[in-house]
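A.B. asks: Any chance you could fold what I've pasted below:
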Amino acid sequence: MLGEPNSRGEGVNKNDLVAEVSDRTGLPRADVARVVDTATEVIKTSVSRGKRVALVGFGTFERRQRRQRVGRNPHTGQAVRIPARRMPSFRPGTAFKQAVSGGRTRKPPSAKKASRRSRA
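C.D. replies: Numbering: from 1, shown residues only. Now for the predicted structure:
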């Protein structure tokens, strides 16, 4: 069952995910493993090509550009140039955020109260 400690402690690895999906769907583990491998490969390939991958209710994978910046060597304090690079990014979807937060959502901003002049 997902969420139970695995052999390395807390967390869920790919084998745990494959086993859980196999148990829930009744499909053979080998077939589920191929689907998981193929899905992750498609996501990696698409994002590396600059395409956005949106899984409604789960989240969006995309490539982001990080600018060049200056960092510091923690031992010497010397300035070090960190080159610009592309990074993968994941933004969780609303349903995923709600599931993680226990169903709590942020309240929408309240409408501004009408001024006395507009009420008259």
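
A.B. asks: Which parts of the chain are strands?
C.D. replies: For the chain, the strands defined by DSSP state E occupy 53-55, 59-66, 69-72, 79-82, 85-92.

A.B. asks: Out of those strands, the one nearest residue 10 is which?
C.D. replies: strand 85-92 (19.8 Å; CB to CB). All C-beta atoms are positioned from the backbone trio N, CA, C, and that covers glycine.

A.B. asks: For the closest one, name the packing helices and strands.
C.D. replies: strand 59-66 (3 or more CB pairs under 8 Å, 6 or more residues apart in numbering; DSSP states H and E).

A.B. asks: Next, the angle from the strand it packs on to strand 85-92.
C.D. replies: Counting by axes from the mean of the first three to the mean of the last three CA atoms, to 10 degrees, strand 59-66 lies at 150 degrees to strand 85-92.

A.B. asks: Show me which residues of strand 59-66 are buried.
C.D. replies: By neighbour count with 16 or more other CB atoms under 10 Å, strand 59-66 contains the buried residues 59, 61, 62.
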